[in-house]
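Peer 1: how would this look folded up:
(one chain, ligands or ions: 2)
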Amino acid sequence: MLEAWREHPRVGHRETNGNPPGTSRQVSKIRFADRPHEKNQQKEPTMSERLIIFDTTLRDGEQSPGISLDPAEKLEIAEQLGRLGVDYIEAGFPVSSDGDFEAVQTIARVVGVNGGPVIAGLSRTHLADVDRCWEALRDADRGRIHVFISTSPQHMEHMLKMNQAQVIAETRSGVARAREHTADVEFSPQDATRTPLDFMLEVLRAAVEAGATTLNIPDTVGYGIPWDFGALIQHIRREVAGDYIISTHCHNDLGLATANSLAGVQAGARQVEVCVNGIGERAGNAALEEVVMAVKIRPDQFPGIEVGVATEELAKTSRLVSRLTGYPIQYNKAVVGKNAFAHESGIHQHGVLAERSTYEIIDAATVGQVGSQIVLGKHSGRHAFRDSLAKMGLHLQGDALNTSFLRFKDLADRKVQITEADLEAIVAEELGIDLVEGWALDALEVTGGTVGVPRARVVLIRSGAKVDAEAEGNGMIDAVFQSIRRACGIEASLAGFTVSAVTPGMDALGDVVVQLESEGVKVSGRGVSTDVVEAAARAYLNAVNRLGRFRSRRADAEPEIGP
Ligand code: KIV
Ligand code: ZN
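Peer 2: Residues are numbered from 1 along each chain as shown. Ligands and ions are numbered 1, 2, ... in the order given. The predicted model follows:
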């Protein structure tokens, strides 16, 4: 099938146009309109072309069930995405809530300046949404409005209740309004892969006429198959005249998001929309680390395509996103999983010891997957602690610094070697606690074992006041959860519970993720400690606090954006 693609005529004419709309970066663009005679002419790339990495971890990724990031957590991730070197950060959907608006605005002001990535915001076609989106973005050096509307019969009939003429009119007015604010406008026909082709082409032409500079083709429900999706991209390039970059946005319902994105790139897409760790609605989006490494490792398949990501930052970015979202990284996850560079069988170990390339196609160091060094010990002071964090790209101040330092000292009493991974874990947890005004753990006492009924007593603090409660349970951890529920007066069911170790060794930090469900809302919380029962208590409290914050924000209207 790939051979078939190669035999397809390459259409269009690539040229580097200097500054893409609203940006100062050099990227290549597809231009047909003014050179119709060049249609169907075969041209091999002669110069390198930038593949734009459009990260949507903070928008589509944040739509994953149970993920609800605070503006400051979003900023933390955006800063790391900036260090990773993505071209665009889609920071949120500003009209969806005041919290999202605030997050996009802060990211625009802090990360989207001084040569940072372009900051994008999502918007429906409603003029008021577009204006609100721009309001959030306007302080960035470079901002993009991403306008979308559904185009599939399923969405038009059941969600939009619009006919084709209305969808085309909405497309024109939304995109035109966005162009009044910025020259960098992306348009997406939502559920493109289930949209009748002729209608989609009509909508895309309307978007280009109204001023869209990027056409993004979302495989919203993960329905695409690589060769078919690639052919779709190629067909659009051939049939929609104009000056635009074509982009992919692939969901992973059939496990094909990365493959579909790469097929899109082979067919001429020059932007990929991706999420760190592949998070996102349902089965998630194409994983940033997979798409980037595939293009880097196989230049023979992507000739002349250049990606501007600092791959050594991939593992750290992945860990940060995992900690702040509460979504664990599966052990065998490509590129960033714990086992991505582990060799179990004797034959493999022998091979890799003799020569790494026998069983590894990626050098672990190039993606930041090297054993973390010991950075601090029991006698390290506050300065050394802060310096080490700064070297890791974590800048803490005020209460967050103080509480993290106390956690570090406490850990240093229990664990001899403190690694970067340990520091990242405690700081991420403290940041989470600090950002969510709520309950903190003051003391915990548990009894359990095979004799007698497990019991727990907790003392919690909120706004300086202490509350304590006791409970029995089905085990020590259950008893802790019951006592916390009693102390906080919260009703929620446990929807998920995982424990893992941050580093190897008997004194490793236990890393617990708890998922709570209440009134149809799912949230995750994370806690770390050398004692897994304490880690579980911290994780549970973290989730309780997020639930509290979610409820207090519920008053904000949240528009439906579909699957
Ligand atoms: O999956 C999707 O269709 C989306 C759009 C809003 C681009 O996320
Ligand atoms: Zn999506």
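
Peer 1: Glu76 is in contact with Leu324, correct?
Peer 2: Yes - the criterion here is C-beta atoms under 8 Å, and Leu324 meets it with Glu76 at 6.6 Å. In this view, the C-beta of every residue, glycine as well, is placed from N, C-alpha and C.

Peer 1: Gln515 should be in a strand, yeah?
Peer 2: Yes - counting by DSSP: H, G, I helix; E, B strand; the rest coil, one finds Gln515 located in a strand.

Peer 1: which strand residues bridge it?
Peer 2: Taking DSSP bridges as the rule, Gln515 bridges to Gly496, Ser524.

Peer 1: for it, give me its contacts.
Peer 2: Gly66, Gly326, Leu494, Ala495, Gly496, Phe497, Lys522, Val523, Ser524, Gly525, Ala543 (C-beta atoms under 8 Å, 6 or more residues apart in numbering).

Peer 1: ok, now with 10 Å
Peer 2: By C-beta atoms under 10 Å, 6 or more residues apart in numbering, the residues touching Gln515 are 65-66, 326-327, 492-498, 522-525, 539, 543.

Peer 1: and the buried ones among these, selectable in ChimeraX?
Peer 2: Buried members of the contacts of Gln515 can be picked out in ChimeraX with the line below, counting by 16 or more other C-beta atoms under 10 Å:
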select :66,326,327,492,495,522,523,524,525,539,543
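
Peer 1: counting by contacts, list what whichever helix or strand Gly548 is part of packs against.
Peer 2: Element membership for Gly548 (DSSP states H and E) is helix 532-553. In terms of contacts (3 or more C-beta pairs under 10 Å, 6 or more residues apart in numbering; DSSP states H and E), helix 532-553 is packed against helix 98-110, helix 420-435, strand 440-447, strand 455-462, helix 476-488, strand 493-501, strand 510-518, strand 521-529.

Peer 1: then it to PDB, C-alphas only?
Peer 2: The C-alpha coordinates for helix 532-553 follow below in PDB (Å, rounded to 0.1, in the frame of the first residue of the first chain):
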ATOM      1  CA  VAL A 532       2.200   3.000  50.400                       C
ATOM      2  CA  VAL A 533      -0.600   3.500  52.900                       C
ATOM      3  CA  GLU A 534       0.400   7.100  53.400                       C
ATOM      4  CA  ALA A 535       0.800   7.500  49.600                       C
ATOM      5  CA  ALA A 536      -2.800   6.200  49.200                       C
ATOM      6  CA  ALA A 537      -4.100   8.600  51.800                       C
ATOM      7  CA  ARG A 538      -2.400  11.500  50.000                       C
ATOM      8  CA  ALA A 539      -3.700  10.400  46.700                       C
ATOM      9  CA  TYR A 540      -7.300  10.000  48.000                       C
ATOM     10  CA  LEU A 541      -7.100  13.500  49.600                       C
ATOM     11  CA  ASN A 542      -5.800  15.000  46.300                       C
ATOM     12  CA  ALA A 543      -8.800  13.400  44.500                       C
ATOM     13  CA  VAL A 544     -11.200  14.700  47.100                       C
ATOM     14  CA  ASN A 545      -9.800  18.200  46.700                       C
ATOM     15  CA  ARG A 546     -10.100  18.100  42.900                       C
ATOM     16  CA  LEU A 547     -13.700  16.900  43.300                       C
ATOM     17  CA  GLY A 548     -14.400  19.900  45.500                       C
ATOM     18  CA  ARG A 549     -12.900  22.300  43.100                       C
ATOM     19  CA  PHE A 550     -14.800  20.700  40.200                       C
ATOM     20  CA  ARG A 551     -18.100  21.100  42.000                       C
ATOM     21  CA  SER A 552     -17.400  24.700  42.800                       C
ATOM     22  CA  ARG A 553     -16.700  25.400  39.200                       C
END
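
Peer 1: report the angle between that helix and strand 521-529.
Peer 2: Put simply, helix 532-553 runs at 150 degrees to strand 521-529, going by axes from the mean of the first three to the mean of the last three C-alpha atoms, to 10 degrees.
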